[in-house]
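K.L.:
My questions concern the predicted model and sequence given below.
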Amino acid sequence: MLIDIITIFPDYFRAVFDYGIVRRAAAAGLVQIEAHDLRGWTIDKHRMVDDRPFGGGDGMVLKPDPIFAAVESLTGARGAAELAGTGVRVVLLSPQGRVFDQRVAEELAGAERIVFICGRYEGVDERVVEMLVTDEISIGDYVLSGGEPAAAVVVDAIVRLIPGALGSETSATNESFSEGLLDFPHYTRPPEFRGLRVPEVLLGGNHAEIARWRRQKALSKTRRNRPDLLERVALTEAERAWLAEEEPENFSGE
Ligand code: ADE
């Protein structure tokens, strides 16, 4: 997969992608990530990437011309319409986008190439949204000072889904959100720490019992912290009955 990031802070990404799984995936040739300086596509002598908003108001708006030039030179296509069905996505990070989640990550992980545009200042000229991008994505209902941290989050979530990136093909399907639930609790040695014992079932080696315990803990943790997720998950009759019996008020967290 090829990932291009268009930003006025290309150095921001050096540290971000030089560690962990993203670095490993790049070293293994599974992904190639490049951050490009938007100013490289300006043609005026002040290399201006932003200007005052028509209609008045605070702040500056990112100009359309350098962004169009950047995306066109990277993709060879003039606008989103030409990219339909090509496996190339052009993603604008902005608080106005659809909210990023694991499903969107899986969808984007299937692309051959993604060009990210990091918004800045008060916004981005709307013609970029209308003509150039295939997806406008927000990482949550809060405002960052720019799209750079959001691009780092989205790239991380996507790269770890590329087959081989985690070292084992199955690990990404076994984790939080892959079944629409939060993850179950994890423990490691020592079996007792400051008087707190690891749940006995995990020490016993009965795999069916461990799987049932984990599923139940995932269900109760999801009900406690993210009840909105629970409404979208298909539960068995037995799981429904177990949840009805387990009072959230009595939840011990164990
Ligand atoms: N830029 C500013 N805020 C953002 C957000 N919440 N998500 C994506 N990009 C952003």
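P.N.:
Looks like it arrived, so ask away. Numbering: from 1, shown residues only.
K.L.:
What helix or strand is Pro95 located in?
P.N.:
strand 88-99 (DSSP states H and E).
K.L.:
helices or strands up against whatever helix or strand comes next after that strand?
P.N.:
Following strand 88-99 in sequence order, the next helix or strand is helix 102-109 (DSSP H and E). With contacts defined as 3 or more CB pairs under 8 Å, 6 or more residues apart in numbering; DSSP states H and E, helix 102-109 has these neighbours: strand 88-99, helix 148-159. The way it works is simple: take the backbone N, C-alpha and C, and place the C-beta from them, glycine included.
K.L.:
Any residues of the stretch 1-150 of the chain in contact with the ligand? List them.
P.N.:
Residues of the stretch 1-150 of the chain lying close to the ligand by CB under 6 Å from any ligand atom are 93-95, 119, 138-140, 142-144, 147, 150.
K.L.:
Mark which of those are buried, thanks.
P.N.:
93-95, 119, 138-139, 144, 147, 150 (16 or more other CB atoms under 10 Å).
K.L.:
Tell me which stretches of the chain form strands.
P.N.:
Secondary structure of the chain (DSSP state E): strands located at 2-7, 32-37, 50-51, 61-62, 88-99, 113-118, 123-124, 135-138, 192-193, 196-197.
K.L.:
Show me the one of those that comes nearest Ala241.
P.N.:
Ala241 lies closest to strand 196-197 among the strands of the chain, at 27.9 Å (CB to CB).
K.L.:
buried stuff in stretch 216-233?
P.N.:
By 16+ other CB under 10 Å, the buried positions in stretch 216-233 come out as 217-223, 230.
K.L.:
Just the C-alphas of that stretch, formatted as CSV.
P.N.:
The C-alpha trace of stretch 216-233 is given here as CSV (Å, rounded to 0.1, in the frame of the first residue of the first chain):
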residue,chain,number,x,y,z
GLN,A,216,-18.8,-12.5,29.3
LYS,A,217,-16.2,-9.9,30.4
ALA,A,218,-16.2,-8.3,27.0
LEU,A,219,-20.0,-8.1,27.2
SER,A,220,-20.1,-6.6,30.6
LYS,A,221,-17.3,-4.1,29.9
THR,A,222,-19.0,-3.0,26.7
ARG,A,223,-22.3,-2.6,28.6
ARG,A,224,-20.6,-0.5,31.3
ASN,A,225,-18.3,1.7,29.1
ARG,A,226,-20.0,1.7,25.6
PRO,A,227,-23.6,0.6,25.8
ASP,A,228,-24.1,2.1,22.3
LEU,A,229,-21.9,-0.6,20.8
LEU,A,230,-23.9,-3.4,22.5
GLU,A,231,-27.1,-2.4,20.7
ARG,A,232,-25.4,-3.3,17.3
VAL,A,233,-24.0,-6.7,18.2
